[in-house]
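Participant: Next input, structure requested:
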Amino acid sequence: MRTLYWFTRDLRLHDNPALLAAARSDMLLCVFVVDPRWFTGDRFQCRALGDHRWRFLWQSLMALERSLRPLGQRMHIAWGEPEIVLPELAREHGVQRLIRSRLPGTEEAAQWQALKARLPEVTFQQFETLGMFTEGQLPMELAELPDTFSQFRKQVEKAEQPDYTLRIRTVSALPPPPGFPEDNRGQCPPIPEPIHRSPFTGGEEAGLAQLQAFVFGQHRIADYKETRNALDDWGSSSKFSPWLANGCLSAREVVAAIEQYERQHTRNDSTYWLWFELLWREYFYWYALNHGSRLFLRDGVQRKRRPVTFYGHRFKAWCEGNTQYPIVNAAMNQ
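Facilitator: As a prediction, the model looks like this:
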């Protein structure tokens, strides 16, 4: 089996069932596609990918490439639209199977369908790597997902929880790539130099290090509920979000760490609250999969008419941290 693995929001080797499935191949081409549309302003003059996120993403890709090389693999970073780039690569290398993680976005779903239409001879597989649960582990059918988080939480807490420590595996071997074909990563936008040094560094190693430091090194999880809303101070909240968003850190790995800490040290409202916040993230992942494009309707999922206004000068002032509210400006500038 000749497989193309499309890395998206799963930039890691640990707890990656999609990559484990791709490893069962004779040939494996690992691809990440940098889409030019991410860098183009929309009607509000906002880009999908700003400078900070682009720098963090690139760091994550370089870290993953360093992890793949000892396994005899490399990261093929392609500049272009996935609907065009991936079929070209699949045909060039005789790909028989295309794998990626299941993504909740409507644009991502449309891309997947477009690829299927362009590669009818290829087998397509998606795996759930972004959240705490698979769809089959939810205590309800996806179509019956509750309308509120509280209802969702109560049903999840009543159900039997998976044993995360038994499910987490790290990829330790991969099949070879089809040689080492040149990619066109050089066409990607340059990585901007930060005005101020960021405490965030992209990559799986950095994400796992932050998990270890916050939970076991500094024991900040033990008072997380009391400190999590602080506007500053690195240790007040977990800071896991950017690593979770890029998939450098697995949500299941975080839950396993919480459970280990509770067994070895203490279990209190704060340790529960970190799991509680992850459950919020989980709820909206499934909410997006359930409602799809209805999330973006003017009147929302519930079709309630609401007044909508847009003042361009106010929006511009907010983006620039130049409003009449100092606390808003401080947050935006930081």
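
Participant: For the rest of this, base every contact and every neighbour count on C-alpha atoms.
Facilitator: OK.

Participant: show me the contacts for residue 159.
Facilitator: Going by CA atoms under 8 Å, 6 or more residues apart in numbering, residue 159 touches residue 139.

Participant: for this protein, what's the longest strand?
Facilitator: For the chain, the strand with the greatest residue count under DSSP state E is strand 27-34.

Participant: Could I get the average pLDDT for that one?
Facilitator: Computed over strand 27-34, the mean pLDDT rounds to 98.

Participant: Please list the residues outside it that contact it.
Facilitator: For strand 27-34, using CA under 8 Å, 6+ apart, the contacting residues are 1-8, 22, 73-82, 85, 174-178, 188.

Participant: Just the terminal-to-terminal distance for stretch 129-141.
Facilitator: End-to-end distance for stretch 129-141, by CA to CA, to the nearest Å: 19 Å.

Participant: hmm, I was thinking of stretch 296-309
Facilitator: So stretch 296-309: terminal residues 16 Å apart, CA to CA.

Participant: Check which residues of that stretch are buried.
Facilitator: When burial is assessed from 16 or more other CA atoms under 10 Å, stretch 296-309 yields no buried residues.

Participant: ok now that stretch, how far from the chain's centre?
Facilitator: With CA atoms, centre = their mean, to the nearest Å as the basis, stretch 296-309 stands 27 Å off its chain's centre.

Participant: Stretch 183-192 now?
Facilitator: Using CA atoms, centre = their mean, the offset of stretch 183-192 from its chain centre is 21 Å.

Participant: which residues touch that stretch?
Facilitator: 34, 51, 54, 55, 58, 76, 77, 78, 79.

Participant: for stretch 242-255, same thing?
Facilitator: The contact list for stretch 242-255, computed with CA under 8 Å, 6+ apart, reads 8-12, 14-15, 57, 60, 129-132, 164, 168, 202-205, 207-208, 211, 240, 275, 278.

Participant: Equivalent analysis for stretch 57-69, please.
Facilitator: By CA under 8 Å, 6+ apart, the surrounding residues in contact with stretch 57-69 are 11-13, 74-75, 191, 201-205, 246, 248.

Participant: The longest helix along the chain packs against which elements?
Facilitator: Using DSSP state H, we find that the single longest helix of the chain is helix 269-291. Here helix 269-291 touches helix 149-158, helix 224-227, helix 251-264, going by 3 or more CA pairs under 8 Å, 6 or more residues apart in numbering; DSSP states H and E.

Participant: re earlier: the inter-axis angle of the following helix or strand past the longest strand of the chain versus strand 27-34?
Facilitator: Toward the C-terminus, strand 27-34 is succeeded by helix 51-68 as the next helix or strand (DSSP states H and E). If you take axes from the mean of the first three to the mean of the last three CA atoms, to 10 degrees, helix 51-68 sits at 170 degrees to strand 27-34.
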